[in-house]
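S.K.: Task: produce atomic coordinates for the following.
(one chain, ligands or ions: 2)
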Amino acid sequence: MESVANQRIARVSAHLQPPNSQMEESCVLKRTDCRAKGGAPGFKVAILGAAGGIGQPLAMLMKMNPLVSVLHLYDVVNAPGVTADISHMDTGAVVRGFLGQPQLENALTGMDLVIIPAGVPRKPGMTRDDLFKINAGIVRTLCEGVAKCCPNAIVNLISNPVNSTVPIAAEVFKKAGTYDPKRLLGVTMLDVVRANTFVAEVLGLDPREVDVPVVGGHAGVTILPLLSQAKPPSSFTPEETEYLTKRIQDGGTEVVQAKAGAGSATLSMAYAAVKFADACLRGLRGDAGVVECAFVASEVTELPFFATKVRLGRRGAEEVYQLGPLNEYERVGLQKAKKELAESIQKGTSFIRK
Ligand SMILES: NC(=O)c1ccc[n+]([C@@H]2O[C@H](COP(=O)([O-])OP(=O)(O)OC[C@H]3O[C@@H](n4cnc5c(N)ncnc54)[C@H](O)[C@@H]3O)[C@@H](O)[C@H]2O)c1
Ligand SMILES: O=C(O)C[C@H](O)C(=O)O
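M.R.: Numbers count the residues shown, from 1 in each chain. Ligands and ions are numbered 1, 2, ... in the order given. Modelled structure (predicted):
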């Protein structure tokens, strides 16, 4: 006769996620039989592209974030392995893995925040725009999933070229009738992280004491650090300004060249993505005064999207801040940035509208 325990196991095993079920077949006590069933309070976060160079350290850092109660890891490859690995960390978030397109909807349903680092990275000699051909379609498919399964989620879009993928996402959401410009944020945090680091080096400060706004977009000359607004207030020689601006604009290329064909920034990007996601979650929680730079729908310039400081709240980017006073060097940089940005935005928009 079947034991009561086995009957209970048979009853609950129907609820197992597919990536876990193979592993659980060999166990006598199944995970769903365990006594602790209640999740900690917190937010539900999905990472799309979770098995990648950014995705893996990002998943690890989000598993360590006390604001996260449920972490969904989705990829078209290797999601079960990354999920099994991360799920053994003794932090609060419950981790579930999802593999391939048929599991995208389950990965997204009920999510508060969706972070998207899915897509191919650069190799030496490529621009971010060279990634458009492959990544535009990936972002479209994933955003269609978001529109269907979690239309109220905040989206943090990392996949390059950000200057075009954010307009693509906006058009997908418009088409689905779910577009809320406040909830769609292109992640430019790595530019701020780099600016803080490089400025701190020049000034001989701890980078944690430095805050440099970086506006515009996320590629080459569209990355515009506002050194005149750096905190603590500092003056820079023309040589320092030129060196810092170029180094911040070329930070991504510096890493691509150093990795020599093995991809682009992953670890510093995961750090930056978590810094930004944490700010979004604090905003969602209702914390006051959460302000970061992001590439968002904007009326700050004549362009429909632009990166500036935004205030993050329960509805996403609740306030988009003006540029503030610029010096002559920055005004010239702004004109160059806008020219290139306009083309990249148009390219993204027409990819969906055509
Ligand atoms: N915004 C930024 O500041 C910033 C910084 C660094 C990198 N990036 C960009 O992030 C992207 C990812 O970089 P990476 O180094 O992690 O690349 P990677 O190749 O290491 O990882 C990408 C992951 O995406 C997955 N993927 C591909 N198609 C998918 C799909 N349809 N659905 C779900 N997952 C899919 C791949 O399987 C892979 O695991 C690139 O486009 C890169 O240019 C942006
Ligand atoms: O440079 C890249 O291709 C990746 C990313 O956008 C970065 O800034 O590091």
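
S.K.: list the contacts for the closest residue to ligand 1 within the stretch 251-354 of the chain?
M.R.: The minimum distance from the stretch 251-354 of the chain to ligand 1, using Cβ to the nearest ligand atom, falls at residue 269 (3.9 Å). In this view, the C-beta of every residue, glycine as well, is placed from N, C-alpha and C. Shown in contact with residue 269 (Cβ atoms under 8 Å, 6 or more residues apart in numbering): 54, 58, 117, 158, 190.

S.K.: Now do the second one against residue 187, distance only.
M.R.: When Cβ to Cβ, to the nearest Å is applied, the distance between residue 58 and residue 187 equals 11 Å.

S.K.: any residues in contact with both of these two?
M.R.: Counting by Cβ under 8 Å, 6+ apart, the common neighbours of residue 58 and residue 187 are residue 273.

S.K.: Which elements pack onto the longest helix out of those in the chain?
M.R.: In the chain, assigned by DSSP state H, the helix with the most residues is helix 328-353. Packing contacts for helix 328-353, counted by 3 or more Cβ pairs under 8 Å, 6 or more residues apart in numbering; DSSP states H and E, involve helix 132-149, helix 162-176, strand 214-216, strand 223-225, helix 238-249, strand 305-313.

S.K.: most packed of these?
M.R.: For the helices and strands packed on helix 328-353, the largest average neighbour count (mean count of other Cβ atoms under 10 Å) is found in strand 214-216, namely a mean of 29.

S.K.: tell me how far it is from the chain's mean position?
M.R.: Put simply, strand 214-216 sits 17 Å off its chain's centre (Cα atoms, centre = their mean, to the nearest Å).

S.K.: Contacts for that strand next, please.
M.R.: Applying Cβ under 8 Å, 6+ apart, the contact partners of strand 214-216 are 188, 191-192, 195, 222-226, 248, 293, 306-308, 323, 334, 337-338, 341.

S.K.: Could I get the full set of helices for the stretch 151-300 of the chain?
M.R.: All helices of the stretch 151-300 of the chain, identified by DSSP state H, counting those that start in this stretch, fall at 162-176, 189-203, 238-249, 251-259, 267-285.

S.K.: Kindly report the residues of the chain close to ligand 2.
M.R.: Residues of the chain lying close to ligand 2 by Cβ under 6 Å from any ligand atom are 121-122, 128, 160, 190, 218, 251-252, 255-256, 264-265.

S.K.: Now the contacts of residue 269 in JSON lines, please, with extra columns for distance to ligand 1 and neighbour count.
M.R.: Output for these, formatted as JSON lines (distance: Cβ to the nearest ligand atom, whole Å; neighbours: other Cβ atoms under 10 Å):
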{"residue": "54", "distance to ligand 1": "4", "neighbour count": "27"}
{"residue": "58", "distance to ligand 1": "8", "neighbour count": "27"}
{"residue": "117", "distance to ligand 1": "5", "neighbour count": "27"}
{"residue": "158", "distance to ligand 1": "4", "neighbour count": "29"}
{"residue": "190", "distance to ligand 1": "4", "neighbour count": "24"}
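
S.K.: Closest one of those to ligand 2?
M.R.: Among the contacts of residue 269, residue 190 lies closest to ligand 2 (Cβ to the nearest ligand atom), at 5.3 Å.

S.K.: Could you check how far that closest one is from residue 81?
M.R.: Residue 190 sits 26 Å away from residue 81, going by Cβ to Cβ.

S.K.: who's in contact with residue 222?
M.R.: Residue 222 sits in contact with 163, 216, 337, 340-341, 344, where contact means Cβ under 8 Å, 6+ apart.

S.K.: Recalculate using a threshold of 7 Å.
M.R.: Neighbouring residues of residue 222 by Cβ atoms under 7 Å, 6 or more residues apart in numbering: 163, 216, 337, 340-341.

S.K.: Need the max-distance pair from those residues.
M.R.: 163 and 337 (9.9 Å; Cβ to Cβ).

S.K.: shared neighbours, these two?
M.R.: Counting by Cβ under 7 Å, 6+ apart, the contacts common to residue 163 and residue 337 are 217, 222.

S.K.: Residue of the stretch 201-350 of the chain nearest ligand 2, please.
M.R.: Closest contact between the stretch 201-350 of the chain and ligand 2, by Cβ to the nearest ligand atom, is at residue 252 (2.2 Å).

S.K.: And the pLDDT at that residue?
M.R.: In this model, residue 252 is scored at 98, pLDDT.

S.K.: And for residue 40?
M.R.: The per-residue pLDDT of residue 40 was computed as 64.

S.K.: ok, now residue 277?
M.R.: 99.
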